[in-house]
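Asker: Could you look at this predicted model? Sequence included:
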Amino acid sequence: MADSNFFNHVGLGNAGSYQVSGFPWITGSSAELATATTVRHRFPFVSKSITLINTNTNNGEDLRLHFVSGTRTAITEDGIEGAQTCIDWAAGSNTNDVHAGFHYITVPAGNASVTLNVKCAEFYISNISGNNDLKYEVFAELTRIPVGRMPHLTGSGQTDWHGRIL
């Protein structure tokens, strides 16, 4: 006889939440992304995967995808309106810096893309190319897991700078 007290709920450790196709979530740059800025995108539910497409065509117009802001001040809104200037990643003065610690994925220009099978509640895109007016497209698959169940991402592999020489 089955245990009547057992309930299968969506959650971070629930395999079924990730085995089914995700709900689509699509966005892009609503305006051009200026150099040395970071933009946050928040999901309504925890992601199953994220695809970032760099639609810029000129050599060197690369974008960075990361899971912690990499800015000195909090980003308060999604999209370009919430963009904040990136901290000075070349100086390496901040020991908890995304850029100085190389805690990002670079997506090169030329319609290159990266797909990450990752659960998160938000992600960030930075333009460190030295070129203004960069554009991008994002496709994500979302679970039905509430974002409130997702822990804040920080620490080793996210923000800790291990003294790598630039």
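Answerer: Received it, and whenever you're ready, just let me know what you need.

Asker: Check which helices and strands the strand or helix carrying S49 sits against.
Answerer: Using DSSP states H and E, S49 sits within strand 45-54. Here strand 45-54 touches strand 63-66, strand 105-107, strand 112-116, strand 122-127, strand 136-146, going by 3 or more CB pairs under 8 Å, 6 or more residues apart in numbering; DSSP states H and E. All C-beta atoms are positioned from the backbone trio N, CA, C, and that covers glycine.

Asker: Which one of the ones you listed lies nearest to Q19?
Answerer: Closest to Q19 of the helices and strands packed on strand 45-54 is strand 136-146 (CB to CB; 10.2 Å).

Asker: packing partners for the closest one?
Answerer: In terms of contacts (3+ CB pairs under 8 Å, 6+ apart), strand 136-146 is packed against helix 16-19, strand 23-28, strand 45-54.

Asker: Give the rounded mean pLDDT of the shortest one.
Answerer: So the one you mean is helix 16-19. For helix 16-19, mean pLDDT rounds to 65.

Asker: Contact partners for E61?
Answerer: Contact partners of E61, counting by CB atoms under 8 Å, 6 or more residues apart in numbering, are 54, 109, 129, 131, 134.

Asker: likewise F43?
Answerer: F43 makes contact with 25, 120-122, 140, 142, 147, according to CB under 8 Å, 6+ apart.

Asker: State the phi and psi torsions of it.
Answerer: Phi and psi for F43, reported as degrees, to the nearest 10, are phi -90, psi 150.

Asker: Check the gap between it and G130 for me.
Answerer: 30 Å (CB to CB, to the nearest Å).

Asker: ok, now K48?
Answerer: The gap separating K48 from G130 is 34 Å, by CB to CB.

Asker: And N111, by the same measure?
Answerer: 20 Å.

Asker: do F123 as well
Answerer: In terms of CB to CB, F123 sits 22 Å off from G130.

Asker: And stretch 114-128, what's buried?
Answerer: 116, 119-128 (16 or more other CB atoms under 10 Å).

Asker: before we move on, what about stretch 131-141?
Answerer: 131, 134-136, 138-141.

Asker: Just put those residues in TSV and tack on pLDDT.
Answerer: Formatted as TSV, the buried residues of stretch 131-141 follow (pLDDT from 0 to 100):
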residue	pLDDT
N131	89
L134	93
K135	94
Y136	95
V138	96
F139	97
A140	97
E141	96
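
Asker: May I ask which two of these are separated the most?
Answerer: Checking these with CB to CB, the most distant pair is N131 and E141, at 30.2 Å.
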